[in-house]
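**Q** Sequence and predicted structure below; questions after.
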Amino acid sequence: MRQTILRTSFLALALLLTACSSGPQPQPQTFQEPAFTTERIVPEGFEPPSEVYDPWEGMNKRIYNFNYHFDQKVFLPVVRGYNFILPGFARTGVHNFFNNFRDVRTMVNSILQAAPKKFFQSTGRVLVNSTVGLLGLVDVATKLDFPRPQEDFGQTLGRWGVGQGPYLVIPFMGPSNLRDGAGLLPDFYVQSLIRDEVFSDSLQIPVMLLDSIDTRANVPFRYYETGSTFEYQVVRWLYSTKRQLDVAK
């Protein structure tokens, strides 16, 4: 009986080993291509993040860091105070008022771009908001579904074939490039002409400061809160891609 049990056990073990040796052989593991490769994310015709032309990267990073500290210690505290003092409807009125100024800038650049549709859209907005909208304090044009194109001189230069040039971080202002940085000067001149017509000399600087505060209050971006360890590169690429899209539209 004991020998029978041993023979049966050895037979079962032999059959098990035979089955294992004749079973499917292990296959090499294959992995799917990552879903978020640069080639899949970056639209065709746009530069990948690593190839944005940035010959002044060292200087730009130092300015970026300076802007962060200025934002944290000066700009955002002022914005918080502004939001605390002015009720929501007053802040909305201020924002609408300065947007009306920017629509005039769009009018001028639409002419320079030979873009009549954008010119008539922005002109219609300015006429409606400056009259019915009480000098722009009430955005009646948007309530009437008037389109709002947004054009600046950097886009105008791009419209006529001027490239972006080197990436540039501007103190206090943030990401830009050589073309758009130069384009700020004509736009600033147009805005100053409008302010001269509306405000006295003594109010010029306060109005400029209020414009800056309103702009920052309506930009949700906060430095080093993107969650990316490569924030500088991400912001650089996003800005460059956005400006390409702005010119192309």
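**A** Alright, I've got the coordinates. Residues are numbered from 1 along each chain as shown.
**Q** For the rest of this, base every contact and every neighbour count on C-alpha atoms.
**A** Noted.
**Q** the domain parsing of the chain - what is it?
**A** 52-85+152-249, 88-149 (automatic domain parsing).
**Q** out of these, deepest packed?
**A** Each of the domains of the chain was given a mean neighbour count from mean count of other Cα atoms under 10 Å, and the largest, a mean of 19, is that of domain 88-149.
**Q** so how far is that one from its chain's centroid?
**A** If you compare the mean C-alpha spot of domain 88-149 with that of the full chain, they lie 22 Å apart, counting by Cα atoms, centre = their mean, to the nearest Å.
**Q** swap in stretch 176-196?
**A** Relative to the chain's own centre, stretch 176-196 is displaced by 19 Å; criterion: Cα atoms, centre = their mean.
**Q** Please put the alpha-carbon coordinates of it into CSV.
**A** Extracted in CSV, the C-alpha atoms of stretch 176-196 (Å, rounded to 0.1, in the frame of the first residue of the first chain):
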residue,chain,number,x,y,z
SER,A,176,6.9,88.5,-23.9
ASN,A,177,9.3,88.5,-26.9
LEU,A,178,11.3,91.0,-28.7
ARG,A,179,8.6,91.8,-31.3
ASP,A,180,5.8,92.1,-28.7
GLY,A,181,8.1,94.1,-26.3
ALA,A,182,8.7,96.6,-29.1
GLY,A,183,5.0,96.7,-29.9
LEU,A,184,4.2,97.9,-26.4
LEU,A,185,5.6,101.3,-27.2
PRO,A,186,3.1,102.3,-30.0
ASP,A,187,0.2,100.7,-28.0
PHE,A,188,1.3,102.8,-24.9
TYR,A,189,1.4,105.9,-27.1
VAL,A,190,-2.2,105.3,-28.3
GLN,A,191,-3.4,104.7,-24.8
SER,A,192,-1.7,107.9,-23.6
LEU,A,193,-3.4,109.9,-26.3
ILE,A,194,-6.8,108.6,-25.1
ARG,A,195,-6.0,109.3,-21.4
ASP,A,196,-4.9,112.9,-22.4
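**Q** Tell me where this protein has strands.
**A** Defined through DSSP state E, the strands belonging to the chain, from first to last, are 167-170, 174-177.
**Q** Now distance to Val94 and mean pLDDT too, for these, in TSV please.
**A** Putting these into TSV (distance: least, Cα to Cα, whole Å; pLDDT from 0 to 100) gives the following:
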stretch	distance to Val94	mean pLDDT
strand 167-170	25	98
strand 174-177	23	97
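**Q** Would you mind putting those into JSON lines with distance to Val132 alongside?
**A** Compiled in JSON lines, those are given as follows (distance: least, Cα to Cα, whole Å):
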{"stretch": "strand 167-170", "distance to Val132": "37"}
{"stretch": "strand 174-177", "distance to Val132": "35"}
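**Q** Quick one: closest of the ones you listed to Asn96.
**A** Comparing the strands of the chain by their distance to Asn96 (Cα to Cα), the top pick is strand 174-177, with 22.9 Å.
**Q** Just list the residues touching Thr156, thanks.
**A** Counting by Cα atoms under 8 Å, 6 or more residues apart in numbering, Thr156 touches 109-110, 112-113, 247.
**Q** try 6 Å
**A** With contact set as Cα atoms under 6 Å, 6 or more residues apart in numbering, Thr156 has these partners: Gln113.
**Q** what's the answer for Ser200, then?
**A** The neighbourhood of Ser200, defined by Cα under 6 Å, 6+ apart, contains no residues.
**Q** Ramachandran angles for it?
**A** Per-residue torsions, Ser200: phi -80, psi 170 (degrees, to the nearest 10).
**Q** For it, give me the pLDDT.
**A** Taken from the predicted model, the pLDDT recorded for Ser200 is 92.
**Q** With Glu51 instead?
**A** At Glu51, the predicted lDDT confidence score is 80.
**Q** repeat for the one 5 residues further on
**A** The pLDDT attached to Trp56 in the predicted structure is 97.
**Q** Distance-wise, check it relative to Pro175.
**A** If you measure Trp56 against Pro175 using Cα to Cα, to the nearest Å, the figure is 13 Å.
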